[in-house]
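Student: Dropping a prediction and its sequence here:
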Amino acid sequence: MLARIIPFFRSPTFWLGSLGGAIFLLFFYFHYQDIDPAKYTYRDDGIITLSHAKNFVDHGHIGVDPSGKRIEGFSAPAQFWIYTVVYGLTHLHWLDFATAQTVLCTFLIGFFFIQFFRKQPFPGLLMTTFAAWFLTWHVRFLEWHGSGMENAWTHLFFLLLVYLSWRMVERGKINYWWVIWGFLAVVSRTESVFHIAPVLVLFAGYYRSRHQSWRGLHWALAVGAAWSLYQGWRIYYFGCFFPNTGLAQEISVSDNLRRLWNGDEAWLRLASQWARDIFRLHGGWFWALILLTLPFLQHREKWIWPLLVLFSLSLTAFLNPFVFGMTRLDIARSTTFLALFMALGLAHVLPRLRLKGNTWVVLPLLIGLLVVGRIFRPLYLEPPRHLCCAVDNFSEKAWYANEFAAQNDLHRLQFANPDLGKLSYLKDFNLTDLGFLGSPVLAHLRHNDYLLRTWFYEFVRPDVVETHGEWSVLHGRLFSDARFRMIYEPLHETREGYLDELGGAYPQIGEGIFVRKELKDGASNPERRLVSDLKQMETAEERVQRMVEELLYTTSPKAPLAHQYVVRTAYRFLPELEGADNWEEFEAGFDNRITAPVDLALLQSGHRGNWSDEIVDWLQQNRGIIDADPITEFYGHPGQLIIDRDRWRFYALPGNRLVGSLLAPEAFELAPEMALHVFIADKEVALKKNPWGADFMDFSWDSDCAREWHGELFWEVQLPREPLEAVIVGQNGPDGALWRARAVWPNDLEF
């Protein structure tokens, strides 16, 4: 091995590549000096990926909780596995790794970029310098490249795949060891196969045209086979083909393709705007310059491969929003590779212009340059952007949580928080991710309000809750539930002016850190005693035996959730219970309990890939048992939600019944008159009532007729039994309408 490595370090290829890497490092370094590091470095979503890797090394399962839960809450498999190896060997901190990856990938991109010109070193140095300058002026590329997220690896592996493909074509020889680099490119992001698969097809065809051989196709198929095997392993390990990031961000490729097929105009306009932004921000409009110069290029075989790749990646980058929708954090984030390959395409075109004295061709070129310059003017004037989401103030949040644990002698808190990265990297807590990436059950239930609230308060019941900004508004119904103030008290709480603006419909919510009162030192309840007892015990067997005994006291058919505190406590101590000889006796204690599928799925989640699906399926099928469907309980039917206005909701039920609800009502909301206008479907009958064709059924609020469920009031109104067209609901104040909302009435409900 050394006999091969040492000569390489002495070769012109190595020294030329090192010079190219140094050029890239130099340009990137000086341009990064002009940008405030707080605007782009160390984004929290990048730390989420590294946190999964640390969890795998330290606790034996891929996820974010030390206790359990297999979760794929990241979209960068290559970065995950690289850090898994690095952390496993060195325990390198995320901060040092994020810095090192930017430096290493920048150097290697320059190293391989100049290799395209290794037979012409001087033009190669010029074009490498041009490429470094070109990329550092594309601010969005520059920022995401240095953000600590997977972009730097994506840039490197995409470029390396294209370079190695070109080398194999030039040599007429296939190297199957290079399949590993093709595989890393295709898994650099979850959706990278969308961009790389066409490149592999082009490579197979290009190799065939140059060498009349299908060996290029075999190599491309080998990369595809490696990708397929990896996906098979993912499905086995996580129980699902799509990562939880897709569910959390509500990305549905099938829905997006259906919109395209149906010609959804609104969707097409939105996706087209995103696609134009991608092209503008990553230099895609330089295609205009390339197309103008094509007739004057020499040595076709030298530039055709880079331009074929550029065309393919430009097309898939443009189509990316049509297929995958809005990329989290920034529409341009997942397609930053386009700027790199635009630089590669220009670097191959510019040195090969041959005008040969035909001065008449200068005029269209100048016109083309003026047009391109006009298009690019906004691009080059674009200031650095503050990328979401920084890791500010995480130490403060962790300090409050750890202080609460220390003061109350608690073990491994369950921490609910919308920012997963740095907090989960600490491995001090089990996390309930209010941002959904690290909590697939919450992601599944995000549009099932009653089940989500029941899961949060009756099953999970986090020890500490931290919320801020728009997340407070997003979870406004969760935090307006009466159980929140009953269970939690604030360590500190504020309500800034912007929260009044964004969350005006939720006057009760604030932002801050809240702790569970039941767990404070001196509290007298079974969960507090059980946690204290287990923390004082020394062996796993003693702890398991204590929980077995506790289960015996919580058996009651009338209270199916009475034992959930035992499950929560067992989960918080799971790493300390690993290998206990009597663990099976504890699991057997759930055999006759209705919630056994949920309890065991949670406790075994570190070893089961489909644990979250089992929990969600059980919750949906047994919602009546756990009191998570108040409308069915009160009115005999789940109804159909027709109006959703923050804390106000209205449901249509069979028999033309209208059910309204108000969560966390305030006194002034109960006083105004309720407006209810009913439009009858039969126009002739309707117009006999009045010119508007409506029944006016306004009524005053009567709280004696309302039913209550955890701070939410419900009431029912019987509408005319004939077919209806629509209803308008709202509130009337002293000076007129406070608000109005209209809904089409669903006459397809069983009457």
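Tutor: All right, it came through fine. Numbering: from 1, shown residues only.
Student: what about the helices in the stretch 1-150 of the chain?
Tutor: Along the stretch 1-150 of the chain, counting by DSSP state H, counting those that start in this stretch, helices occupy 2-10, 12-32, 44-59, 77-90, 94-113, 121-136, 139-145.
Student: ditto for the stretch 501-650 of the chain
Tutor: Using DSSP H, counting those that start in this stretch, the helices found in the stretch 501-650 of the chain span residues 526-536, 540-552, 564-572, 574-577, 583-588, 596-603, 611-621, 630-635.
Student: Nearest approach to residue 180 belongs to which of those helices?
Tutor: helix 611-621 (31.8 Å; C-beta to C-beta). All C-beta atoms are positioned from the backbone trio N, CA, C, and that covers glycine.
Student: Which residues belonging to the closest one are considered buried?
Tutor: 611-616, 618-619 (16 or more other C-beta atoms under 10 Å).
Student: now for the helices of the stretch 501-650 of the chain, which one comes closest to residue 482?
Tutor: Judging these by C-beta to C-beta, what sits closest to residue 482 is helix 630-635, at 12.6 Å.
Student: Rounded mean pLDDT for that closest one, please.
Tutor: In this model, helix 630-635 has a mean pLDDT of 92.
Student: helices and strands around it, which ones?
Tutor: Counting by 3 or more C-beta pairs under 8 Å, 6 or more residues apart in numbering; DSSP states H and E, the packing neighbours recorded for helix 630-635 are strand 648-653, strand 657-663, strand 707-709, strand 712-718.
Student: Can you redo the ones you listed as CSV, where the extra columns are mean pLDDT and mean neighbour count?
Tutor: Shown next, in CSV, are those (pLDDT from 0 to 100; neighbours: other C-beta atoms under 10 Å):
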stretch, mean pLDDT, mean neighbour count
strand 648-653, 94, 21
strand 657-663, 93, 21
strand 707-709, 93, 16
strand 712-718, 92, 18
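Student: Looking at the ones you listed, which is nearest to residue 175?
Tutor: Closest approach to residue 175 among the helices and strands packed on helix 630-635 is made by strand 648-653 (61.7 Å; C-beta to C-beta).
Student: Could you please name the strands that closest one pairs with and the direction of each pair?
Tutor: Strand 648-653 has the following sheet partners, assigned by DSSP bridges: strand 640-645 (antiparallel), strand 657-663 (antiparallel).
Student: now the ones you listed as CSV including distance to residue 418?
Tutor: Conversion of these to CSV gives the following (distance: least, C-beta to C-beta, whole Å):
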stretch, distance to residue 418
strand 640-645, 21
strand 657-663, 20
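Student: Which of the helices of the stretch 501-650 of the chain sits closest to residue 274?
Tutor: helix 611-621 (30.1 Å).
Student: returning to what we had before: what about the helices of the stretch 501-650 of the chain, which gets the closest to residue 99?
Tutor: That would be helix 574-577 among the helices of the stretch 501-650 of the chain, by C-beta to C-beta, at 30.4 Å.
Student: Who are the packing partners of that closest one?
Tutor: Against helix 574-577 (3+ C-beta pairs under 8 Å, 6+ apart) you get helix 540-552.
Student: The helix it packs on - contacts with which helices or strands?
Tutor: Using 3+ C-beta pairs under 8 Å, 6+ apart, helix 540-552 is in contact with helix 526-536, helix 564-572, helix 574-577, helix 583-588.
Student: Could you list the buried residues of stretch 415-434?
Tutor: 415-427, 429-434.
Student: Straight-line length of it, end to end?
Tutor: 10 Å (C-alpha to C-alpha, to the nearest Å).
Student: what about that stretch, distance to the chain center?
Tutor: 15 Å (C-alpha atoms, centre = their mean, to the nearest Å).
Student: Let me see the mean pLDDT of it.
Tutor: 92.
Student: returning to that earlier point: would you list the buried residues of helix 611-621 in CSV and tack on distance to residue 55?
Tutor: Listed next are the buried residues of helix 611-621 as CSV, based on distance: C-beta to C-beta, whole Å:
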residue, distance to residue 55
611, 15
612, 16
613, 21
614, 21
615, 20
616, 22
618, 26
619, 25
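Student: Among these, which one lies nearest to residue 466?
Tutor: Among the buried residues of helix 611-621, and counting by C-beta to C-beta, the member closest to residue 466 is residue 612, at 22.7 Å.
Student: Can you report how many residues lie near the closest residue to the closest one other than its chain neighbours?
Tutor: Spatial nearest neighbour of residue 612, excluding adjacent residues (C-beta to C-beta, 6 or more residues apart in numbering): residue 440 at 3.9 Å. By the criterion of other C-beta atoms under 10 Å, residue 440 has 28 neighbours.
Student: that older thread, in TSV: the helices and strands packed on helix 540-552, plus mean neighbour count, distance to residue 310 and mean pLDDT.
Tutor: Converted to TSV, the helices and strands packed on helix 540-552 look like this (neighbours: other C-beta atoms under 10 Å; distance: least, C-beta to C-beta, whole Å; pLDDT from 0 to 100):
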stretch	mean neighbour count	distance to residue 310	mean pLDDT
helix 526-536	17	60	93
helix 564-572	22	51	95
helix 574-577	19	50	94
helix 583-588	15	57	92
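Student: Confirm that residue 679 sits in a strand.
Tutor: Yes - judged by DSSP: H, G, I helix; E, B strand; the rest coil, residue 679 forms part of a strand.
Student: ok, it - contacts?
Tutor: 686, 693-695, 724-728, 745 (C-beta atoms under 8 Å, 6 or more residues apart in numbering).
Student: Now the spatially most central residue of the chain: closest residue in space that isn't a chain neighbour?
Tutor: Of all residues in the chain, the one closest to the mean position by C-alpha atoms, centre = their mean is residue 245, 4.0 Å from it. Spatial nearest neighbour of residue 245, chain neighbours left out: residue 75 (4.7 Å); criterion: C-beta to C-beta, 6+ apart.
Student: my read: the one you found touches residue 187, true?
Tutor: No - Residue 75 is beyond contact range of residue 187, at 10.4 Å (criterion: C-beta atoms under 8 Å).
Student: And these two? Which one has more around it.
Tutor: Between residue 75 and residue 187, residue 75 has the larger neighbour count (other C-beta under 10 Å), namely 27 against 23.
Student: can you list the weak-confidence ranges in the protein?
Tutor: 1-10, 296-302, 353-382, 502-503, 557, 701-704, 736-737, 750-751 (pLDDT under 70).
Student: Strands of that one, residue ranges please.
Tutor: Using DSSP state E, the strands of the chain run over residues 414-417, 430-433, 464-467, 488-494, 511-516, 640-645, 648-653, 657-663, 673-680, 694-696, 707-709, 712-718, 724-733, 736-744.
Student: picking up where we left off before, and of the buried residues of helix 611-621, the nearest to residue 18?
Tutor: Nearest member of the buried residues of helix 611-621 to residue 18, counting by C-beta to C-beta, is residue 612, at 47.9 Å.
Student: Distance-wise, check the closest one relative to residue 63.
Tutor: Distance of residue 612 to residue 63, given as C-beta to C-beta, to the nearest Å: 11 Å.
Student: Need the residues touching each of these two.
Tutor: Residues touching both residue 612 and residue 63 (C-beta under 8 Å, 6+ apart) are residue 69.
Student: quick revisit: with residue 33 as the reference, name the closest of the helices and strands packed on helix 630-635.
Tutor: Proximity to residue 33 (C-beta to C-beta) singles out strand 657-663 among the helices and strands packed on helix 630-635, at 50.9 Å.
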